[in-house]
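Asks: Everything below, folded, please.
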Amino acid sequence: MSYRLYVARLKPQVLENRKYREANPHYIPGKPCVYVGATGRTRDERFEQHKTGYKANRFVKRFGTVLFEWAFSNTGEFERWADAVVGEEALAARYRSMGWAVWQN
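Replies: Residues are numbered from 1 along each chain as shown. From the prediction side, this is the model:
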């Protein structure tokens, strides 16, 4: 099995949630709001699971709009789940450093 990263674009209204806002103290207004995750499924399948409520992240379920494809286009695949988790954390940190608002589990 292989694992891949994905980035879901969230509506800016997600910033009205205190926990999301507090997790992103260096957010620059106007930059994207996203959720970064890893999955063993296709990215499209995993996004649909979020939207339908199956093993869903609450922010993606409520505020998710689309997969932000260019934001994960260079991430490749991982053979081990542990490596995918490390990749997810690194990708989230990269976008936070750019002033994006990011949520990841």
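Asks: Which helix in this protein has the most residues?
Replies: Looking across the chain with DSSP state H, the single longest helix is helix 81-97.
Asks: Report all helices and strands that it contacts.
Replies: Counting contacts by 3 or more C-beta pairs under 8 Å, 6 or more residues apart in numbering; DSSP states H and E, helix 81-97 packs against strand 3-10, strand 33-39, strand 101-103. For the C-beta atoms, the positions are set from N, CA and C on the backbone; glycine is no exception.
Asks: and R62, which of those strands is closest to it?
Replies: strand 3-10 (8.7 Å; C-beta to C-beta).
Asks: what's the distance between the helix or strand just after the closest one and the middle of its chain?
Replies: Helices and strands here follow DSSP states H and E; after strand 3-10, the next one along the chain is helix 18-22. Averaging C-alpha positions (C-alpha atoms, centre = their mean, to the nearest Å) puts helix 18-22 15 Å from its chain's average.
Asks: and if you look at stretch 45-64?
Replies: 11 Å.
Asks: Tell me who's in contact with the residue lying farthest from the centre of the chain.
Replies: Most distant residue from the mean C-alpha position of the chain: M1, 21.0 Å away (C-alpha atoms, centre = their mean). When the contact criterion is C-beta atoms under 8 Å, 6 or more residues apart in numbering, the partners of M1 are G40.
Asks: who are the neighbours in contact with R21?
Replies: Contacts of R21 (C-beta under 8 Å, 6+ apart): 15, 27, 101.
Asks: mind running it again at 10 Å?
Replies: By C-beta atoms under 10 Å, 6 or more residues apart in numbering, the contact list for R21 reads 14-15, 27, 33, 101.
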